[in-house]
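*Asks:* Sequence and predicted structure are below.
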Amino acid sequence: MALIQDGILLAVNEPFARHAGFESPAELESTPLLDLLEGLTKEQTRDFLASASHTDKNTRDAPRTKVTLRRNDGTRLPAEIHAHQDNLNGEKVVKLYLLTADDLTPSRRMLRLPWKLYFCLFGLLLIAALPNLLLPNLNINNAPRTYLPADAPSVLIDQQIRETFPDDEVIVMLFEGLAMFSDDFLLAYHQLSESLSAHPLIDSVIGITRQDHISGSADGFLVEPLINIDTLADTSPTERRERALSDRFAMNSLIAADGSAIALVVIPQALDDSFRHLALEQEIVALVEENRLDSYLTAMAGEIATDVAQMRAILRDNMIFIPTTVLVGLILIWWLFHRWMAVIITGIVTGAVVSSTIAFYVIFRQPFNSIAGIIPPLLSALTIAALVHFFNALQYASRRGLSGNDRVQSALSQIRRPALFSALTTSAGLASLGLSPIPPISTFGLTAAAGVFLIYLIVIHLLPPIFSRYDNRQWPHHKAGLGLMDVMVKGLFHTGIRYPIWVLGFTLMILAATIPQIFKVDVETNILEFFPPSHSLRQATEHIEEKLVGTTPLEVFFSSDQPDALITPEALQDIKGFQNWLSRQPEVDKSMSAADFVEEMHWGFHEENDRFRKIPQNADLISQYLFIYDGTDLYDFIDRDFRRARVAINVNVHGANEIGDLMERIGYYLTASPIAGADWELAGAGRMFADQEDLLVKGQIYSLGGALLLILLLMLGLWRSVQDTLICMIPNISPIIVIFIIMGFLGIWLDMATAMIASVAVGIAIDDTIHLYHGFIDRIRQGHSPVYALARTYSLAGRAVMTTTIILCAQFSLLMASAFVPMGHFGILTSIGLLTALLFDLLLLPALLITIYRTRRIISSN
């Protein structure tokens, strides 16, 4: 290689000198190029060098020609030369490369290929394409038990109960219309229940044509279907209605108190897969239509329907907000930089990061649920924010006249270290969610943290060779977008510098006045509140509860080591006493147990005399009843050894705290009035849901505390100064306070979605502080004044900080349009947190720094 100016060799490297037959490169300095070449005239040499002086070094069409090199010993060496423009100490020169016959062999050509570029292109292509092969295997599962650890007591007891008793996650269908007890409707209703019962994914179906009805008979009591399809000709619609309304088990469970509505309850197998729940629901609706009952079907609710509704909300939001957030980011990138290459790279990298991160759910076999649904828009925003810092540095290097690899290396020198610590702090904030005992939140945090490192890998290591090779044009110097950012940044940090005491005092006053709002934040989760009042699931649930009973299932499980322990008169009377107490609780609409069946048998045996609708005192008589009972419904509530039993409770509230309050009172009652000879445990979907609240509070404390501790340690490692670390933490703790103040003011609960916001916001917000403080402290250490250091830092990094925050907030604010309330809350609160962090970085941080460093200078001078 040789550097040439005006046809004179300014410098050569050792290989060039060796090819020319000289021992030292210095011997060739100031030598005319024409003296070394044969095969080119003076005019051809001048034209060649003139063409090279106007050729960018990254172009593929650099001028080249074949020549003969006149060596120092007089021998001739065939060669090929090519050249392009370059820069030496601010002056334009021509860089010339000499290739001999050996250099042009296939093996040497292979070695000279830009393998780093190829590796980066291949790596980016692999990251973008490979995950798409895994995503079809994504397990979308939003079942309640996925929100609890596998070894949680409520999960373990639920698994134990399901070994004997039916699942409490059901689908409730409500039918309303005219002639509900006519032959035609009942025949279609029964055919539907039979078709559903034959479905391979359904365990059982409960309906008025399949449920046991106990009545008196000449020989004792009779067990037969509540509505017997085989004897419809013997009864009238009025008689059937009266019979159904008189049945204690069907009343308000399968038939409305006024007879205006009839329900059908479907108990599926434990599928643990929301897609299969969706497919099953669609097949159920198809069977309803096939039996021409779709005009009667007015509502579908239950745990399965809720799971399906959440999954539909997740899919809808992802289909809308992933492309929308990316599109908004791309538009903003174009508005700011006016570079198509920047726009295209942003789209490719964003897609690669999002798809690769979601693929982790497949690789590690984790369920993708409503919490995980936040990952795509979150990582889209973080990817674009990281690219803005890179593009901003490239634009600044371009303004300085740099191009190609020099431009890229200059940009990397500005952002590499801050980007690394930004990735570390952001991933620390997200990874701290891994301390949460709630599996979806823990998985979300760890997966999103891995996505942040992937962003760093792509932006800092894979993109630079690509931009070095293909980014040949100058970046625009003055565009409206960037100019507006500069004006806003200048106005804010100038205010902080000029009026630091006022800024600090006003900030403290506002925080002090609003902090009491934090104490108004309630820890509560209510799945129905995740949907707006107009949502079909919410309306269906409210309608079913208005016509029948509450749809929240709660169970009390009784067990004993002794056979027949739970059919003694004492045990059954205790259970019935417990049910009587439950009936007085405002949250309970109905409860059912084996004691109800024994009472019905006793009543039927005594010719349906209401005085005998109670638990008999004779244990032998109870055994006789159970011996002659030939139905099946009883064994949904007690096992055949009579050692395990359950009380099924229909609860009409859906908030975790309300369910928890009821569970607490149940615990007090059963502790004070235990069931004879039996132990007890609360169980069911209601308990699993209520238990999440305790885990939610613990997770909030662990994750937020862990995030602040990890970021504090990383800051200590970066600045190696306690003072600098604390200064950086102040602007980033304040947004957390503001988020909770807003939650208290707006009445937003601390639930599954909002529990993650503080850790996410502090992890993102610290990035901007690092970029700003890194520039400031470097200039202070170089001996510059605090005012100069702040002005220079904010003029360079302030634009990127403002830009990334606006892009992030623009993308997160889109989530406010979600019909899924937690997604909307996440969007608005994260945007508020980031805007607060921006305001603190551009206004409070300069005021804080100028106050501290100006005071330090005064003390030093004294």
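*Replies:* Perfect, I can see it now.
*Asks:* biggest strand in the chain by residues?
*Replies:* If you go by DSSP state E, the chain has its longest strand at strand 76-88.
*Asks:* now for that one, which elements pack on it?
*Replies:* With contacts taken as 3 or more Cβ pairs under 8 Å, 6 or more residues apart in numbering; DSSP states H and E, strand 76-88 sits against strand 2-5, helix 42-53, strand 64-70, strand 91-100. C-beta here means a position set from N, CA and C on the backbone, and glycine is covered the same way.
*Asks:* what angle sits between it and strand 91-100?
*Replies:* Angle between the axes of strand 76-88 and strand 91-100 is 150 degrees (criterion: axes from the mean of the first three to the mean of the last three Cα atoms, to 10 degrees).
*Asks:* Which positions in strand 76-88 come out as buried?
*Replies:* Of all the residues in strand 76-88, those buried under the rule 16 or more other Cβ atoms under 10 Å are Leu77, Ala79, Ile81, His82, Ala83, His84, Gln85, Asp86, Asn87.
*Asks:* Ok, stretch 540-549 next?
*Replies:* Neighbour counts over stretch 540-549 (16+ other Cβ under 10 Å) mark Ala540, Thr541, His543, Ile544, Glu545, Lys547, Leu548, Val549 as buried.
*Asks:* Take these and lay them out in a markdown table including secondary structure, pLDDT and distance to Phe390.
*Replies:* Converted to a markdown table, the buried residues of stretch 540-549 look like this (DSSP: H, G, I helix; E, B strand; the rest coil; pLDDT from 0 to 100; distance: Cβ to Cβ, whole Å):
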| residue | secondary structure | pLDDT | distance to Phe390 |
| --- | --- | --- | --- |
| Ala540 | helix | 97 | 49 |
| Thr541 | helix | 96 | 49 |
| His543 | helix | 97 | 54 |
| Ile544 | helix | 97 | 54 |
| Glu545 | helix | 96 | 54 |
| Lys547 | helix | 96 | 60 |
| Leu548 | coil | 96 | 59 |
| Val549 | coil | 96 | 59 |
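*Asks:* Out of those, which is nearest to Phe364?
*Replies:* Set against Phe364, the nearest of the buried residues of stretch 540-549 by Cβ to Cβ is Thr541 (33.8 Å).
*Asks:* pretty sure that closest one contacts Glu303?
*Replies:* No. Counting by Cβ atoms under 8 Å, Thr541 sits too far from Glu303 to count as a contact (10.7 Å).
*Asks:* list residues touching both of the two?
*Replies:* Between them, Thr541 and Glu303 share no contacting residue under Cβ atoms under 8 Å, 6 or more residues apart in numbering.
*Asks:* what about Met823, neighbour count?
*Replies:* By the criterion of other Cβ atoms under 10 Å, Met823 has 25 neighbours.
*Asks:* is it true that it touches Ala817?
*Replies:* No. Met823 is beyond contact range of Ala817, at 9.2 Å (criterion: Cβ under 8 Å).
*Asks:* tell me what the helix or strand harbouring Ser154 is packed against?
*Replies:* Ser154 belongs to helix 153-162 when assigned by DSSP states H and E. If you count contacts as 3+ Cβ pairs under 8 Å, 6+ apart, helix 153-162 packs onto strand 552-559, strand 679-683, helix 685-719.
*Asks:* Of the ones you listed, which is nearest Trp475?
*Replies:* Among the helices and strands packed on helix 153-162, helix 685-719 comes nearest to Trp475, with 29.1 Å by Cβ to Cβ.
*Asks:* After that closest one, which helix or strand is next?
*Replies:* Next helix or strand after helix 685-719 toward the C-terminus (DSSP H and E): helix 722-746.
*Asks:* Give me the angle between that next one and helix 685-719.
*Replies:* If you take the same axes, to 10 degrees, helix 722-746 sits at 150 degrees to helix 685-719.
*Asks:* what is the rounded mean pLDDT of helix 722-746?
*Replies:* The average pLDDT for helix 722-746 rounds to 87.
*Asks:* And the average pLDDT for the helix or strand hosting Asn318 is what?
*Replies:* In this structure, Asn318 sits in helix 303-337 according to DSSP H and E. Averaged over helix 303-337, pLDDT sits at 87.
*Asks:* Domains in this protein, by residue range?
*Replies:* Following automatic domain parsing, one finds the domains of the chain at 2-113, 170-301, 309-528+691-861, 561-591+633-677.
*Asks:* if we can go back for a sec, got the buried residues of stretch 540-549 as a markdown table, with distance to Leu117 columns?
*Replies:* Formatted as a markdown table, these follow (distance: Cβ to Cβ, whole Å):
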| residue | distance to Leu117 |
| --- | --- |
| Ala540 | 58 |
| Thr541 | 58 |
| His543 | 63 |
| Ile544 | 63 |
| Glu545 | 64 |
| Lys547 | 68 |
| Leu548 | 68 |
| Val549 | 68 |
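*Asks:* Packed most tightly, which of the domains of the chain would that be?
*Replies:* Using mean count of other Cβ atoms under 10 Å, the stretch among those with the greatest mean number of neighbours is domain 309-528+691-861 (a mean of 20).
*Asks:* any idea how far that one is from the chain center?
*Replies:* Its chain's C-alpha centre and that of domain 309-528+691-861 lie 16 Å apart, by Cα atoms, centre = their mean, to the nearest Å.
*Asks:* Stretch 1-11 too?
*Replies:* The answer for stretch 1-11 is 58 Å, by Cα atoms, centre = their mean.
*Asks:* thought Leu566 was touching Ala676?
*Replies:* No. Look at Leu566 against Ala676 with Cβ under 8 Å: they stay out of range, at 9.1 Å.
*Asks:* Give me the distance between Lys57 and Gly496.
*Replies:* Using Cβ to Cβ, to the nearest Å, Lys57 is found at 43 Å from Gly496.
*Asks:* now Gly833
*Replies:* Noted for Gly833: a distance of 20 Å to Gly496, by Cβ to Cβ.
*Asks:* got it, and Val94?
*Replies:* Counting by Cβ to Cβ, the separation of Val94 from Gly496 is 49 Å.
*Asks:* do Val801 as well
*Replies:* For Val801, the distance to Gly496 equals 14 Å [Cβ to Cβ].
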